[in-house]
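Chemist: what's the 3D shape of this:
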Amino acid sequence: MPITIHDGTTVADGTPVGMNTGQYPRLDTDGNPLDGHGIYPLTGDDLADYNQRQADAVAAALPNAQSRKAAELEIIRHEKQYANVVYNTVTYDAGKVARANLTAMVTSFNFSAKTDDVWLDVDNNQVTLTEAEFQGLFDAMQVSQQTAYITEATKYAEIMALTTVVDVDAYDVNAGW
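Modeler: Here you go, the predicted model:
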């Protein structure tokens, strides 16, 4: 659709235009703005500046899209990294606090004569685990965390290899975990 400019004429759709109501007024006899009030087609330095801004925006679009998608990916990795872990058919909390407590529990076997202890599953049931089972649960949590980091790194490389904003926007960070 053509654009009406300050002198009442029209310019083709897509023509870069600016607005300066002081320099390019278009008023009726009562001083009220008409269609095209202040609008003018860009020429010379104004057009060159506009074209440069457009080129800069296009050049920044892909890296910006990749950065946004990488931020989404980091959120998903964080969720996956601390997701519950199934060990010996029992589901355990693998959040930050649980991991810290489990680390302390595994370490405590080195300073005591105990051979087993209890741990809570996600439903708050007490589960008796041996020292080896505690170590196995600890290892399962570490594998879960490392898998999340490796998957994130792989997906990040895939995102950075994409060459269009459309492809980046279409990339599903939730798939393949």
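
Chemist: before we move on, which element is Y50 in?
Modeler: Secondary structure from DSSP states H and E places Y50 in helix 44-81.

Chemist: Could you double-check that D28 lies in contact with D35?
Modeler: No. The pair D28 and D35 fails to qualify as a contact (CB atoms under 8 Å) at a distance of 10.4 Å. (C-beta placed from N, C-alpha, C; glycine too.)

Chemist: Looking at those two, which one has more neighbours?
Modeler: For D28 versus D35, neighbours defined as other CB atoms under 10 Å are more numerous around D35 (12 against 9).

Chemist: all strands of this structure, in order?
Modeler: Using DSSP state E, the strands of the chain run over 3-4, 10-11, 17-19, 39-41, 85-87, 90-92, 116-120, 126-130.

Chemist: buried ones in the fifth one?
Modeler: Of the residues in strand 85-87, those with enough neighbours to count as buried (16 or more other CB atoms under 10 Å) are 85, 87.

Chemist: now stretch 69-85
Modeler: Applying 16+ other CB under 10 Å to stretch 69-85 flags 69-70, 73, 76-77, 80-82, 85 as buried.

Chemist: distance of the residue nearest to T10 when sequence neighbours are not counted from N101?
Modeler: Leaving aside its chain neighbours, T10 sits nearest to P2 (3.8 Å; criterion: CB to CB, 6 or more residues apart in numbering). With distances taken as CB to CB, to the nearest Å, P2 is found 69 Å from N101.
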